[in-house]
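Asks: all I have is the shape, not the residue letters:
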(Lines give C-alpha, C1' and ligand atoms only; values in the text may rest on other atoms or scores of the structure.)
Protein backbone atom coordinates (compact mmCIF):
# COMPACT_ATOMS: atom_id res chain seq x y z
CA UNK A 1 0.00 0.00 0.00
CA UNK A 2 1.31 3.43 -0.94
CA UNK A 3 1.57 5.69 2.09
CA UNK A 4 1.07 9.42 1.55
CA UNK A 5 2.69 11.64 4.19
CA UNK A 6 1.50 15.23 4.33
CA UNK A 7 3.41 18.06 5.95
CA UNK A 8 3.04 20.07 7.95
CA UNK A 9 0.08 18.73 9.92
CA UNK A 10 -0.98 22.31 10.67
CA UNK A 11 -0.02 25.48 8.82
CA UNK A 12 -0.72 28.90 10.35
CA UNK A 13 -0.98 31.59 7.69
CA UNK A 14 -2.25 35.18 7.61
CA UNK A 15 -4.89 36.12 5.02
CA UNK A 16 -3.24 37.27 1.81
CA UNK A 17 -0.11 35.24 2.43
CA UNK A 18 1.13 32.24 0.45
CA UNK A 19 0.67 28.69 1.71
CA UNK A 20 2.74 25.72 0.58
CA UNK A 21 1.58 22.20 1.44
CA UNK A 22 3.57 19.03 0.78
CA UNK A 23 2.72 15.39 0.18
CA UNK A 24 5.29 12.63 -0.13
CA UNK A 25 4.47 9.16 -1.49
CA UNK A 26 6.25 6.02 -0.31
CA UNK A 27 6.68 4.99 -3.96
CA UNK A 28 6.08 6.60 -7.31
CA UNK A 29 2.49 7.42 -8.27
CA UNK A 30 3.36 8.80 -11.70
CA UNK A 31 1.00 11.73 -12.33
CA UNK A 32 -2.05 9.99 -10.87
CA UNK A 33 -2.35 12.38 -7.97
CA UNK A 34 -4.97 14.80 -6.68
CA UNK A 35 -5.65 17.38 -3.96
CA UNK A 36 -8.93 18.00 -2.12
CA UNK A 37 -10.18 20.70 0.20
CA UNK A 38 -12.51 19.96 3.10
CA UNK A 39 -14.16 22.80 4.99
CA UNK A 40 -15.69 22.10 8.42
CA UNK A 41 -18.95 20.18 8.17
CA UNK A 42 -18.66 19.73 4.41
CA UNK A 43 -17.75 16.96 2.03
CA UNK A 44 -14.33 17.10 0.37
CA UNK A 45 -14.01 19.04 -2.89
CA UNK A 46 -11.65 18.22 -5.74
CA UNK A 47 -9.12 21.01 -6.29
CA UNK A 48 -6.34 19.57 -8.44
CA UNK A 49 -5.91 16.34 -10.41
CA UNK A 50 -3.15 14.86 -12.57
CA UNK A 51 -0.73 16.77 -10.27
CA UNK A 52 -1.37 20.22 -11.70
CA UNK A 53 -4.75 20.50 -13.46
CA UNK A 54 -7.30 22.64 -11.66
CA UNK A 55 -10.76 21.13 -11.38
CA UNK A 56 -13.82 22.97 -12.67
CA UNK A 57 -14.43 26.36 -11.00
CA UNK A 58 -11.28 26.20 -8.86
CA UNK A 59 -9.64 29.65 -8.61
CA UNK A 60 -6.24 30.25 -10.19
CA UNK A 61 -4.66 30.95 -6.78
CA UNK A 62 -4.56 27.16 -6.30
CA UNK A 63 -1.74 25.39 -8.10
CA UNK A 64 -0.19 21.94 -7.94
CA UNK A 65 3.25 20.71 -8.86
CA UNK A 66 5.60 17.80 -8.43
CA UNK A 67 6.28 14.38 -9.87
CA UNK A 68 6.95 10.80 -8.86
CA UNK A 69 6.90 10.90 -5.07
CA UNK A 70 7.00 14.60 -4.11
CA UNK A 71 4.04 16.90 -4.62
CA UNK A 72 3.14 20.44 -3.61
CA UNK A 73 -0.08 22.41 -3.37
CA UNK A 74 0.40 26.18 -3.36
CA UNK A 75 -2.26 28.72 -2.46
CA UNK A 76 -0.84 32.02 -3.67
CA UNK A 77 -2.87 34.45 -1.56
CA UNK A 78 -5.05 32.95 1.13
CA UNK A 79 -8.66 34.05 1.27
CA UNK A 80 -10.93 33.53 4.27
CA UNK A 81 -12.69 30.61 2.58
CA UNK A 82 -9.39 28.78 2.07
CA UNK A 83 -8.91 28.01 5.75
CA UNK A 84 -9.70 24.31 5.72
CA UNK A 85 -8.11 20.85 5.71
CA UNK A 86 -6.36 19.68 2.54
CA UNK A 87 -5.85 16.04 1.54
CA UNK A 88 -3.72 14.44 -1.14
CA UNK A 89 -4.85 11.28 -2.96
CA UNK A 90 -3.04 8.80 -5.18
CA UNK A 91 -5.05 6.83 -7.70
CA UNK A 92 -2.11 5.08 -9.34
CA UNK A 93 -2.05 1.88 -7.34
CA UNK A 94 -4.46 -0.36 -5.42
CA UNK A 95 -5.62 0.34 -2.85
CA UNK A 96 -5.92 4.03 -3.54
CA UNK A 97 -4.87 6.07 -0.53
CA UNK A 98 -5.23 9.52 1.02
CA UNK A 99 -2.74 11.51 3.01
CA UNK A 100 -3.42 12.36 6.63
CA UNK A 101 -4.30 15.97 5.85
CA UNK A 102 -2.90 19.45 6.44
CA UNK A 103 -5.01 21.93 8.36
CA UNK A 104 -4.56 25.51 7.18
CA UNK A 105 -5.51 27.85 10.00
CA UNK A 106 -5.62 31.59 10.47
CA UNK A 107 -2.48 33.01 12.02
CA UNK B 1 -23.80 15.88 -11.62
CA UNK B 2 -25.18 15.16 -8.17
CA UNK B 3 -24.81 12.40 -5.57
CA UNK B 4 -27.37 12.33 -2.75
CA UNK B 5 -26.83 9.98 0.16
CA UNK B 6 -29.33 8.47 2.58
CA UNK B 7 -29.82 9.93 6.02
CA UNK B 8 -28.04 9.41 9.31
CA UNK B 9 -28.33 6.01 10.99
CA UNK B 10 -28.10 4.87 14.61
CA UNK B 11 -27.58 1.15 15.05
CA UNK B 12 -26.57 -1.37 17.71
CA UNK B 13 -23.49 -3.60 17.52
CA UNK B 14 -24.18 -6.76 15.56
CA UNK B 15 -26.93 -5.19 13.45
CA UNK B 16 -26.96 -4.90 9.65
CA UNK B 17 -27.08 -1.72 7.64
CA UNK B 18 -27.24 -0.64 4.00
CA UNK B 19 -26.73 3.03 3.09
CA UNK B 20 -27.31 4.48 -0.34
CA UNK B 21 -25.93 7.02 -2.79
CA UNK B 22 -28.18 8.15 -5.65
CA UNK B 23 -26.64 9.69 -8.72
CA UNK B 24 -28.40 12.11 -11.03
CA UNK B 25 -27.76 14.61 -13.82
CA UNK B 26 -25.11 12.44 -15.43
CA UNK B 27 -24.71 9.06 -17.09
CA UNK B 28 -24.58 6.97 -13.91
CA UNK B 29 -23.51 3.76 -15.64
CA UNK B 30 -20.43 5.39 -17.16
CA UNK B 31 -18.56 6.12 -13.93
CA UNK B 32 -17.12 4.24 -10.98
CA UNK B 33 -18.46 5.03 -7.51
CA UNK B 34 -16.16 4.94 -4.51
CA UNK B 35 -16.77 4.99 -0.77
CA UNK B 36 -14.64 6.91 1.74
CA UNK B 37 -14.75 6.72 5.53
CA UNK B 38 -14.02 9.61 7.87
CA UNK B 39 -13.98 8.93 11.58
CA UNK B 40 -14.64 11.84 13.91
CA UNK B 41 -11.81 14.38 13.73
CA UNK B 42 -9.75 12.12 11.46
CA UNK B 43 -8.70 11.94 7.84
CA UNK B 44 -10.14 10.30 4.75
CA UNK B 45 -9.86 6.53 4.22
CA UNK B 46 -10.41 4.91 0.82
CA UNK B 47 -12.70 1.91 1.30
CA UNK B 48 -13.34 0.63 -2.19
CA UNK B 49 -14.97 1.23 -5.55
CA UNK B 50 -17.49 -0.38 -7.84
CA UNK B 51 -17.17 -0.31 -11.61
CA UNK B 52 -19.91 0.85 -13.97
CA UNK B 53 -22.80 -1.56 -14.01
CA UNK B 54 -21.43 -3.34 -10.96
CA UNK B 55 -19.17 -5.52 -13.08
CA UNK B 56 -16.29 -5.41 -10.63
CA UNK B 57 -15.42 -4.16 -7.18
CA UNK B 58 -12.11 -3.38 -5.48
CA UNK B 59 -11.68 -3.04 -1.74
CA UNK B 60 -8.96 -1.74 0.47
CA UNK B 61 -7.49 -4.64 2.50
CA UNK B 62 -8.56 -2.70 5.59
CA UNK B 63 -12.21 -3.07 4.59
CA UNK B 64 -12.28 -6.30 2.55
CA UNK B 65 -14.73 -8.71 4.13
CA UNK B 66 -16.06 -6.02 6.48
CA UNK B 67 -18.31 -4.18 4.01
CA UNK B 68 -20.03 -4.91 0.73
CA UNK B 69 -20.36 -2.44 -2.14
CA UNK B 70 -23.10 -2.88 -4.72
CA UNK B 71 -25.01 -0.90 -7.31
CA UNK B 72 -28.44 -0.92 -8.91
CA UNK B 73 -28.10 0.90 -12.21
CA UNK B 74 -31.86 0.80 -12.83
CA UNK B 75 -32.29 3.30 -9.99
CA UNK B 76 -28.85 4.94 -10.41
CA UNK B 77 -27.92 4.09 -6.83
CA UNK B 78 -24.85 2.65 -5.17
CA UNK B 79 -24.88 0.98 -1.77
CA UNK B 80 -22.53 0.31 1.13
CA UNK B 81 -23.55 -2.54 3.39
CA UNK B 82 -22.53 -4.10 6.71
CA UNK B 83 -23.69 -7.43 8.14
CA UNK B 84 -22.24 -7.13 11.62
CA UNK B 85 -21.75 -3.56 12.75
CA UNK B 86 -19.17 -2.70 15.37
CA UNK B 87 -18.77 0.41 17.48
CA UNK B 88 -15.60 1.11 15.49
CA UNK B 89 -17.75 1.53 12.33
CA UNK B 90 -19.05 4.80 13.78
CA UNK B 91 -18.05 7.40 11.21
CA UNK B 92 -19.14 9.64 8.35
CA UNK B 93 -19.27 7.78 5.03
CA UNK B 94 -18.99 9.56 1.69
CA UNK B 95 -19.68 8.25 -1.77
CA UNK B 96 -17.91 9.89 -4.69
CA UNK B 97 -17.84 9.62 -8.46
CA UNK B 98 -14.54 8.66 -9.99
CA UNK B 99 -13.49 10.16 -13.31
CA UNK B 100 -11.54 8.37 -16.05
CA UNK B 101 -8.39 10.41 -16.48
CA UNK B 102 -5.62 7.87 -17.04
CA UNK B 103 -5.08 4.22 -17.84
CA UNK B 104 -2.81 2.23 -15.52
CA UNK B 105 -2.29 -1.37 -16.49
CA UNK B 106 -5.67 -2.68 -17.54
CA UNK B 107 -7.84 -0.18 -15.70
CA UNK B 108 -8.90 3.43 -15.90
CA UNK B 109 -8.07 5.69 -13.00
CA UNK B 110 -8.96 9.13 -11.86
CA UNK B 111 -9.83 11.48 -9.01
CA UNK B 112 -13.13 11.77 -7.17
CA UNK B 113 -14.76 14.74 -8.89
CA UNK B 114 -18.28 14.67 -7.40
CA UNK B 115 -19.02 13.85 -3.75
CA UNK B 116 -22.16 13.00 -1.82
CA UNK B 117 -23.03 15.00 1.28
CA UNK B 118 -22.10 12.13 3.59
CA UNK B 119 -24.04 9.68 5.78
CA UNK B 120 -23.30 9.62 9.50
CA UNK B 121 -23.40 6.11 10.95
CA UNK B 122 -23.44 5.71 14.73
CA UNK B 123 -23.08 2.27 16.27
CA UNK B 124 -23.74 2.18 19.99
CA UNK B 125 -25.31 -0.15 22.50
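Replies: Okay, I see it. Keep in mind it's a predicted model, so treat the numbers as computed, not measured. Numbering: from 1, shown residues only, chains lettered A, B, ... in the order given.

Asks: ranges for the strands of chain B?
Replies: According to DSSP state E, chain B carries its strands in the segments B:2-5, B:9-11, B:17-24, B:32-38, B:44-50, B:57-59, B:68-72, B:77-82, B:91-98, B:102-104, B:107-109, B:112-115, B:119-123.

Asks: what residues are up against residue 52?
Replies: Here I'm looking at chain A. Residue A:52 makes contacts with A:63-65, as judged by CB atoms under 8 Å, 6 or more residues apart in numbering or on different chains. All C-beta spots, glycine's among them, are computed from the backbone N, C-alpha and C.

Asks: hmm, no, I was thinking of chain B.
Replies: Contacts here follow CB under 8 Å, 6+ apart; on that basis residue B:52 touches B:29-32, B:73.

Asks: apply 7 Å and report the result again.
Replies: Residue B:52 makes contacts with B:29-32, as judged by CB atoms under 7 Å, 6 or more residues apart in numbering or on different chains.

Asks: which of those count as buried?
Replies: Under a neighbour-count criterion of 16 or more other CB atoms under 10 Å in any protein chain shown, the subset of the contacts of residue B:52 counted as buried comprises B:31-32.

Asks: pull the most distant pair out of the contacts of residue B:52.
Replies: The widest separation within these, taken as CB to CB, falls between B:29 and B:32 and amounts to 10.5 Å.

Asks: just give the closest residue to residue B:86, not the sequence neighbours.
Replies: Distances taken as CB to CB, 6 or more residues apart in numbering or on different chains place residue B:13 nearest to residue B:86, at 5.9 Å, with adjacent residues excluded.

Asks: go ahead and confirm the one you found touches residue B:123.
Replies: Yes - under the criterion of CB atoms under 7 Å, residue B:13 makes contact with residue B:123 at 5.9 Å.

Asks: and residue B:18, how many neighbours?
Replies: 13 (other CB atoms under 10 Å in any protein chain shown).

Asks: partners of it in the sheet?
Replies: Beta-bridge partners of residue B:18, counted by DSSP bridges, are residue B:81.

Asks: and residue 79, what pLDDT?
Replies: Reading this off chain A. On pLDDT, residue A:79 comes in at 95.

Asks: my bad, chain B
Replies: Residue-level confidence at residue B:79 comes out at 97, pLDDT.

Asks: repeat that for residue B:101.
Replies: Model confidence at residue B:101 (pLDDT) stands at 82.

Asks: need the contact list for the residue nearest in space to the middle of chain B.
Replies: Nearest to the mean C-alpha position of chain B, by CA atoms, centre = their mean, lies residue B:35 at 2.7 Å. For residue B:35, the set of contacting residues under the criterion of CB under 7 Å, 6+ apart consists of B:47-48, B:69, B:80, B:93, B:95.

Asks: can you pick the most crowded of those residues?
Replies: Counting by other CB under 10 Å, top hit in the contacts of residue B:35: residue B:95 with 33 neighbours.

Asks: worst-scoring helix or strand of chain B, pLDDT-wise?
Replies: Every helix and strand in chain B was compared by mean pLDDT, DSSP states H and E; the lowest is strand B:102-104, with a mean of 84.

Asks: residue B:51 - how many residues pack around it?
Replies: Using other CB under 10 Å as the criterion, the residues surrounding residue B:51 number 17.
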